[in-house]
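J.: Could you work out the structure for the sequence below:
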Amino acid sequence: MIRTLREIINHLAVKPKTLFLIDSLGAFLTMLFLFVVLRNFNEYVGMPKTILTYLSAIAACLCIYSATCFIFLNENWTPFIKGICIANLLYCILTLGLIIIYFPLLTIIGVTYFLVEIAIVCTLAYIEINVAIAIKNNRSDGNP
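T.: Predicted coordinates:
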C-alpha cells in the first residue's frame, strides 16, 4: 500500500493539475452526497439537515477552488496544493468535531459515513502535502 501511495505521489508530482481535478471531483461528490442523499435520508444518518447544508456548502467552495486551480494554473503549484491540503484537513477537523457534538443523534450509518469520509479526505491531504514536497524537491534539484 505504501508503495502504491508513493507511485501515486510521484505521478501527481509530475502532473499536479490532475491532483486538482481529483480533489475537485471528490469535493463535488461530497457536496452532492451531503446535500442530496444524506439530507433526503436524514433519518438513517442523524446529522441535522442544517449541518449537512453547511458541510455541503464548504464542499462546494473546495470544489470551486480546486476546479479553478485545475482550469487556470499552469505553474507555481505548491502554494495552491498546500492551500487545498490545509482546507481539507480543516474540513476533517470540523467534521470530527460535529461527530462528537452530534454523536447522540447520529446513527451507526451516519458515524460510519463521516468517519469514512474523514479517512478518504485525510488520505487525499497526505497525498497532496507529499506532492507539494516532491514538486518543491524536484524544483530545487534543477528540474522544472
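J.: helices or strands next to the helix ranked longest in the chain in the packing?
T.: Counting residues, the longest helix found in the chain (DSSP state H) is helix 108-140. Applying 3 or more C-beta pairs under 8 Å, 6 or more residues apart in numbering; DSSP states H and E, one finds that helix 108-140 contacts helix 2-14, helix 16-32, helix 78-101. In this view, the C-beta of every residue, glycine as well, is placed from N, C-alpha and C.
J.: cutoff 10 Å now
T.: Applying 3 or more C-beta pairs under 10 Å, 6 or more residues apart in numbering; DSSP states H and E, one finds that helix 108-140 makes contact with helix 2-14, helix 16-32, helix 49-72, helix 78-101.
J.: tell me which residues of it are tucked away?
T.: Within helix 108-140, the residues that count as buried by 16 or more other C-beta atoms under 10 Å are 110-111, 113-114, 117-118, 121-122, 124-125, 127-132, 134-135.
J.: Same question for stretch 8-28.
T.: In stretch 8-28, counting by 16+ other C-beta under 10 Å, buried: 8-9, 12-13, 16, 19-20, 22-24, 26-28.
J.: Show me how far that stretch is from its chain's centre.
T.: The chain centre lies 11 Å from the centre of stretch 8-28; the measure is C-alpha atoms, centre = their mean, to the nearest Å.
J.: Could I get the CA-only coordinates of it as PDB?
T.: Extracted in PDB, the C-alpha atoms of stretch 8-28 (Å, rounded to 0.1, in the frame of the first residue of the first chain):
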ATOM      1  CA  ILE A   8       0.600   8.000  -6.900                       C
ATOM      2  CA  ILE A   9       2.600  10.800  -5.300                       C
ATOM      3  CA  ASN A  10       5.300  10.500  -7.900                       C
ATOM      4  CA  HIS A  11       2.800  10.500 -10.800                       C
ATOM      5  CA  LEU A  12       0.900  13.500  -9.400                       C
ATOM      6  CA  ALA A  13       4.200  15.400  -8.700                       C
ATOM      7  CA  VAL A  14       4.800  15.300 -12.500                       C
ATOM      8  CA  LYS A  15       1.100  16.100 -13.300                       C
ATOM      9  CA  PRO A  16      -0.100  18.300 -10.400                       C
ATOM     10  CA  LYS A  17      -3.100  19.500 -12.500                       C
ATOM     11  CA  THR A  18      -4.500  16.000 -12.200                       C
ATOM     12  CA  LEU A  19      -4.400  16.400  -8.400                       C
ATOM     13  CA  PHE A  20      -6.700  19.400  -8.600                       C
ATOM     14  CA  LEU A  21      -9.100  17.500 -10.800                       C
ATOM     15  CA  ILE A  22      -9.300  14.600  -8.400                       C
ATOM     16  CA  ASP A  23      -9.800  17.000  -5.500                       C
ATOM     17  CA  SER A  24     -12.500  18.900  -7.300                       C
ATOM     18  CA  LEU A  25     -14.400  15.800  -8.300                       C
ATOM     19  CA  GLY A  26     -14.200  14.400  -4.800                       C
ATOM     20  CA  ALA A  27     -15.400  17.700  -3.300                       C
ATOM     21  CA  PHE A  28     -18.300  17.700  -5.800                       C
END
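J.: With that, I have no additional questions.
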